[in-house]
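Engineer: My questions are about this predicted structure, shown below with the sequence.
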Amino acid sequence: MNRRSVLTSGVLAIASRHVFLPTWAAVSQAEDKNWRHGVSFFGELKYPPSFEHFEYVNAHAPKGGKARQIAIGTFDNFNTVISGVKGTLAAGIDQIYDTLLVPSLDEVSSAYGLLAEAVSFPADFSSVTYKLREEAKWHDGVPVTPTDVIFSFEAFKKYSAQQSALFRLVAKAEQTGDREITFTFDTPGNRALPQILGQLTVLSKQWWEATDQNGKVRKLWRTASVPPFTGLP
């Protein structure tokens, strides 16, 4: 989780203690699903559905090549789940993963679908449902599935020092459609959780439950010495 995400989670966690419905959340509780392309904690969304890119993005920027970044010190861990608990995490490892939603950098507190193409929640904020993009795939072309999302949620809830406290506000995570995942909250009225859960880093269940180059089954509670998606499957 980057610095912006940490700060955002903190603001949302504090605000989640107060129950009131902003204008963008005024939907009928009787509706089955009211799909949205994004969520805004303050005011309306800046970008409309099906927008091509954020205004601050250069759509014609060169692609390919190598990117280098500075890092002070060394590292001994590629497992982002236990960041801050065990080992020293490799700088930039978060760049190989995506989240359900992505924050907009030119809005106060808005997030739009990334791995998820749409998000839905009832007026009482008792749950949230994300619909994965059909084109969302792993490095090997295998689709990102609700199973991956649930696996990731349970991993961070159990082992992450940063996210476990917030994720414990979720009573249940389940697949509710071919590409849908629903998180049911322990109590209604927590309007911050749709954005907090949208920051969930999605891991590949298949890769993390496979064996490593030494024939050992990978474990999310210990450090990883091999970068994800390299070496054996």
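Structural biologist: Arrived safely, thanks for sending. For clarity, every value in this text was computed on a predicted model and none was experimentally measured.
Engineer: how about the strands of this protein, start to end?
Structural biologist: Remark: strands assigned in the chain by DSSP state E are 38-40, 101-103, 110-113, 116-120, 127-132, 170-177, 180-185.
Engineer: For residue 138, which of those is the nearest?
Structural biologist: Across those, residue 138 has its closest neighbour in strand 127-132 (12.2 Å, CB to CB). Every residue, glycine included, has its C-beta placed from N, CA and C.
Engineer: where does the chain have low pLDDT?
Structural biologist: Along the chain, the model assigns pLDDT under 70 to residues 1-32, 230-233.
Engineer: let's see it at 50
Structural biologist: In the prediction, the chain carries residues with pLDDT under 50 at positions 1-31, 232-233.
Engineer: Which residue lies nearest the spatial centre of it?
Structural biologist: residue 200 (2.4 Å; CA atoms, centre = their mean).
Engineer: ok, it - contacts?
Structural biologist: The contact partners of residue 200, by CB atoms under 8 Å, 6 or more residues apart in numbering, come to 99, 100, 149, 152, 153, 156, 163.
Engineer: quick one: which of those residues sit in helices?
Structural biologist: Among the contacts of residue 200, the members falling in helices (DSSP state H) are 149, 152, 153, 156.
Engineer: who wins for most neighbours among the residues you listed?
Structural biologist: Highest neighbour count within the ones in helices among the contacts of residue 200: residue 149, with 26 neighbours (other CB atoms under 10 Å).
Engineer: got a list of what that one touches?
Structural biologist: Contacts of residue 149 by CB under 8 Å, 6+ apart are 100, 130, 132, 173, 181, 200, 202.
Engineer: where exactly do the helices run in the protein?
Structural biologist: Going by DSSP H, the chain shows helices at 3-15, 146-159, 164-167, 193-198, 205-208.
Engineer: returning to what we had before: out of the strands of the chain, which is closest to residue 224?
Structural biologist: For residue 224, the closest of the strands of the chain is strand 170-177, at 23.5 Å, according to CB to CB.
Engineer: Taking strand 127-132 as reference, get the angle to that closest one.
Structural biologist: Using axes from the mean of the first three to the mean of the last three CA atoms, to 10 degrees, the direction of strand 170-177 lies 40 degrees away from that of strand 127-132.
Engineer: Show me what strand 170-177 is packed against.
Structural biologist: Contact analysis of strand 170-177 by 3 or more CB pairs under 8 Å, 6 or more residues apart in numbering; DSSP states H and E lists helix 146-159, strand 180-185 as its packing neighbours.
Engineer: so can I have CSV of those showing distance to residue 109?
Structural biologist: CSV is the format used below for the helices and strands packed on strand 170-177 (distance: least, CB to CB, whole Å):
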stretch, distance to residue 109
helix 146-159, 21
strand 180-185, 19
